[in-house]
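quick one: sequence plus predicted model below, questions after.
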Amino acid sequence: MALEFIEFIEQRPHTVLALMKRVLSRCRELTQSQAGTIFIVRKVGRNRVLEAMSLQNDLIRITQKSFSIPINKQSIAGYVAETGEVVFIDDTNQLPPDAPYTFNRKFDEDTGFNTRSIMAFPIRNFEGQVIGVVQLINAQSEPGKVSTFEREFAQVIQPVNNIVGRAIERADHTEKLQAKNAQLRRRNRELRAEREQVELLRAETESALMTTVDLLAKAAELHDDVTGKHVNRVGQYSATMAEFLGMSADFINEIRYCATLHDVGKMSVDQAILHKPGRLTDDEFKEMQNHTLYGFQILQDVERLKMAADIALSHHEKWVGGGYPNGIAGENIPLSARIVAFADIYDALRSVRPYKRGFTHEESIDIMLNGDDRLDPSKHFDPQLLDVFRNHNGIFGKIYESLADENVFQGN
């Protein structure tokens, strides 16, 4: 379902209007809702308003026309845009008198449509600002049978919300600036599609979480020069390291999948920078380093991915300090991030890159334990991780071989 969602959203043309229509259509399909409206926040003079970009209704024919409503607590959509809250209304006929918003029945009176249940949620960008609102009407338990909206839907949209918001924001900005380079426009469309590879699922089940993690990890891989099984190997190394450290089974299982998302923030790095041949400028290198912050922003609001957020943020910190983005040191770095940093560097040494051959296990052991001109293990790594690796590095080699990429030449 997730891949179908991405393909559905990414169909051309990729204008703001077309994108928002597809977002609304897919949200309605996932909730089986009869109707809905999607708004974008616009600034008119000194005021902000919600501009309706798409109105959809399966029961009555609507003449598509644009209209705007103020961002205030008088309307449901305006209330959501002002407060950032998700609103569920089970029955508009039984709206409490002290509700902080009102429901306008004029549309129902004019058309004969009967609005019963409503779900309205904000669309946010990566800075947390509300840039739009989706309002869904009349969920259906079966065709023609109106029901209430499931509350779990608000939870599973969290990892997708910022991604969709950023996609809409970028599309709007691109249209205003009339992007000068066709190839960059195409890459931006692909980037938006990959950001939307988290599906709006009906319930937060374990299988749904794993699907979300897998799609995010695969989307991140598309933006880097890593090979297909890199993130899976990092997850296995990290779980093995945690096991040798005597961590709980829950910690071991959690780091196994959370580690695969360590570079998810690269989806938000400018593609021209990410794939630039040659040396980066200082500003470009700073933007590259920001992938840690972008990854944290993508993951931080999902309760089950708190460890993944810590890893994404801190897996480039160093044991003695001087890493990025925060320059923290020692045990101030989350243990999960220390483990993944170690695993990521080992796999980078073993793996073939456009600029290097893949080192053998023995060569990699020597560099990890004794260092080279680029790596000082005493400064980079937690000493207890070095001890574990010194005593159990053989299993790292076995993991690499069992998950090695096909048709890749390794160093002798």
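Everything's here; your move.

the residue lying closest to residue 91 once chain neighbours are set aside and residue 109, how far apart?
Take residue 91 and drop its neighbours on the chain: the residue closest to it by C-beta to C-beta, 6 or more residues apart in numbering is residue 116, 5.9 Å away. Placement of C-beta: from N, CA and C, glycine included. Going from residue 116 to residue 109 by C-beta to C-beta, to the nearest Å gives 15 Å.

tell me which of these two has more neighbours.
Using other C-beta atoms under 10 Å as the criterion, residue 116 and residue 109 rank with residue 116 on top: 17 against 9.

separation between the more buried one and residue 99?
16 Å.

now do the SS call for the spatially most central residue of the chain.
For the chain, the residue whose C-alpha lies nearest the mean C-alpha position (C-alpha atoms, centre = their mean) is residue 298; its distance is 4.3 Å. Of the three states, residue 298 takes helix under DSSP: H, G, I helix; E, B strand; the rest coil.

if I look at it, how far off is residue 40?
Using C-beta to C-beta, residue 298 is found at 21 Å from residue 40.

quick check: closest non-adjacent residue to the residue nearest to the centre of the chain.
Here the residue nearest residue 298, using C-beta to C-beta, 6+ apart, is residue 264, at 5.8 Å.

now swap in residue 32 and tell me
In space, residue 32 is closest to residue 140, 4.4 Å off (C-beta to C-beta, 6+ apart).

can I assume the one you found sits in a helix?
No - using three-state DSSP, the assignment for residue 140 is strand, not a helix.

surely it touches residue 30?
No - the pair residue 140 and residue 30 fails to qualify as a contact (C-beta atoms under 8 Å) at a distance of 11.9 Å.

who has more neighbours out of the two?
Neighbour comparison, residue 140 and residue 30: the larger count goes to residue 30, with 18 against 15 (by other C-beta under 10 Å).

which other helices and strands contact the helix or strand where that one lies?
Per DSSP states H and E: residue 30 is located in helix 16-31. With contacts defined as 3 or more C-beta pairs under 8 Å, 6 or more residues apart in numbering; DSSP states H and E, the packing partners of helix 16-31 are helix 2-10, strand 35-44, strand 47-57, strand 130-137, helix 158-177.

these: lowest mean pLDDT?
Note on the helices and strands packed on helix 16-31: lowest mean pLDDT is at helix 2-10, with a mean of 49.

residue ranges with poor pLDDT in this protein?
Within the chain, the segments meeting pLDDT under 70 span 1-14, 64, 156-163, 165, 172-212, 215, 218-228, 406-412.

quick revisit: tell me the secondary structure at the residue nearest to residue 91.
For residue 116, the assignment made with three-state DSSP gives coil.

residues contacting it?
The neighbours of residue 116, taking C-beta atoms under 8 Å, 6 or more residues apart in numbering as the test, are 91-93, 138, 146.

how does it look with 6 Å?
91, 138, 146 (C-beta atoms under 6 Å, 6 or more residues apart in numbering).

for residue 241, same thing?
Counting by C-beta under 6 Å, 6+ apart, residue 241 touches 339, 388.

now do the one 3 residues further on
With contacts defined as C-beta under 6 Å, 6+ apart, the neighbours of residue 244 are 388, 392.

try it again at 10 Å.
Residue 244 makes contacts with 384-385, 387-389, 391-392, 395, as judged by C-beta atoms under 10 Å, 6 or more residues apart in numbering.

just the ones in helices from those residues, please.
384-385, 387-389, 391-392, 395 (DSSP state H).

let's have these in JSON lines, adding distance to residue 350 and neighbour count.
Below are the ones in helices among the contacts of residue 244 laid out as JSON lines (distance: C-beta to C-beta, whole Å; neighbours: other C-beta atoms under 10 Å):
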{"residue": "384", "distance to residue 350": "22", "neighbour count": "13"}
{"residue": "385", "distance to residue 350": "17", "neighbour count": "22"}
{"residue": "387", "distance to residue 350": "21", "neighbour count": "12"}
{"residue": "388", "distance to residue 350": "18", "neighbour count": "19"}
{"residue": "389", "distance to residue 350": "13", "neighbour count": "22"}
{"residue": "391", "distance to residue 350": "19", "neighbour count": "9"}
{"residue": "392", "distance to residue 350": "16", "neighbour count": "13"}
{"residue": "395", "distance to residue 350": "14", "neighbour count": "15"}
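
which pair of those spans the longest distance?
Distance extremes for the ones in helices among the contacts of residue 244: the farthest pair is 384 and 395 at 16.7 Å, using C-beta to C-beta.

what's the local residue count around the residue nearest to residue 359 when sequence neighbours are not counted?
Spatial nearest neighbour of residue 359, excluding adjacent residues (C-beta to C-beta, 6+ apart): residue 349 at 4.8 Å. Other residues near residue 349 come to 22 when the count uses other C-beta under 10 Å.
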